[in-house]
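K.L.:
Got a predicted structure plus its sequence, pasted below:
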Amino acid sequence: MLDMNHAFNVSVLASGSSGNSLFIESAGKKILVDAGLSGKKIISLLAEVDRKPEDLDAILVTHEHRDHIHGVGVLARKYKLPVYANEKTWQAMMPLIGKVDLEQKQIFDMGKVLTFGDMDIESFGVSHDAAAPQFYRFYKDGHSFVMLTDTGYASEHVKGIISDADAYLVESNHDLEMLRMGPYPWNLKQRILGDRGHLSNEDGALVMTDIIGDHTKRVYLGHLSKENNMKELAHMTMEETLLRYDLGVNHQFQIFDTDPNAATELFAI
C-alpha cells in the first residue's frame, strides 16, 4: 500500500542500454513509463516491488527506440492498457509494437500537462535521435519526480522545467574515455557524443549542478551503457562533481544506482 503521507512511490524497474522501464504510483493511479524489455521480464520486475500488471492504469512512452518500447504492445494488448505518447512517436512506434486498439491510443502532446487522476504530468522535449522524444515531470501535493535520460544535452529551457524536484532519474550513459577507447565504430561513437545522443557521466553531473534544489532528496543514475560505463565510475563522477560545486551530497540528498536487470526498491516522495 502507498503510504498516504507521501505523494508517490517510485521504482526504476530497469535502466540501461538494453532496456528501460519505470513504475510510479500515487494513491489513485499506477503508471508504467516505457516498457523496453519483454512483457514477461517487466511482469517479473513489477513482482520484485510487489506490484502486478493487472493494477496498472496506463503506459507512458518517451520515444520509439526498442530499449523503451519492446514490451509496450504485448502489455497493452494483454492488460487493455491505454498508451500515451505524442503523435510523431505514435507514427514511429506503430510498426514496431503490433496492433493496439484505437481506443487505447492516447495522444500526449509535447510541452503539455496531462491531469491523470490525482496527479499532473508535464511533458518536455529532449534532444535525441528519435522522432519526437519527450520525458516527464510528475506532480502531486507539492512534490515532484523527474525523468531525464536519452538526451545529448539539457537546454536552459529544459533545466527550468525540471529544477528542484524531490527526486530525479538522470542519464549517466557513458564514461568519455571508455567510449573513446572502446570497440564501437566511429560513427556510433559520434552519434552517442553528439547533441542528439546521450549524456556522459560528466555532462549528467553538470546538469544536476544546475537543477538540484532545496526539495531534492534523491538522484538516481540511469541508462548506463553496458560497454562504455561502470556503476562505480558513474557514481563517483556524480558525487565528486556535486561535491566540487559545494552541493549537499550524502547530507541534503543521496545518489543511487540503477540496474538493467533488477528493480530499485520502491521509494517514497
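P.N.:
Perfect, I can see it now.
K.L.:
In this structure, what residue spans correspond to helices?
P.N.:
39-48, 66-69, 72-79, 87-97, 156-162, 176-181, 186-193, 201-211, 231-244 (DSSP state H).
K.L.:
Residue 193 against residue 179, yeah?
P.N.:
Yes: the pair residue 193 and residue 179 passes the contact test of CB atoms under 8 Å, sitting 7.1 Å apart. Every residue, glycine included, has its C-beta placed from N, CA and C.
K.L.:
which residues do these two both contact?
P.N.:
residue 200 (CB atoms under 8 Å, 6 or more residues apart in numbering).
K.L.:
Between those two, point out the one with more neighbours.
P.N.:
residue 179 (20 against 16; other CB atoms under 10 Å).
K.L.:
Count the residues that sit near the residue nearest to that one when sequence neighbours are not counted.
P.N.:
Take residue 179 and drop its neighbours on the chain: the residue closest to it by CB to CB, 6 or more residues apart in numbering is residue 228, 4.3 Å away. By other CB under 10 Å, 25 other residues sit near residue 228.
K.L.:
again, but for residue 14
P.N.:
26.
K.L.:
Kindly report the same for residue 77.
P.N.:
Around residue 77 there are 16 residues (other CB under 10 Å).
K.L.:
For it, report the pLDDT, please.
P.N.:
Per-residue confidence (pLDDT) for residue 77: 98.
K.L.:
Residue 1 now?
P.N.:
51.
K.L.:
Can we start the residue count at 15 from this point?
P.N.:
Sounds good: first residue 15 from here, last item residue 15.
K.L.:
can I assume residue 37 is in contact with residue 48?
P.N.:
No: in this structure, residue 37 is not within contact of residue 48 by CB under 8 Å, at 10.3 Å.
K.L.:
Quick one: the helices of the chain as TSV, columns for distance to residue 124 too.
P.N.:
Shown next, in TSV, are these (distance: least, CB to CB, whole Å):
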stretch	distance to residue 124
helix 53-62	25
helix 80-83	16
helix 86-93	18
helix 101-111	9
helix 170-176	11
helix 190-195	29
helix 200-207	22
helix 215-225	19
helix 245-258	28
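K.L.:
before we move on, back to that, in contact with the residue nearest to residue 193: list those residues for me.
P.N.:
187-189, 192-193, 196, 198, 206.
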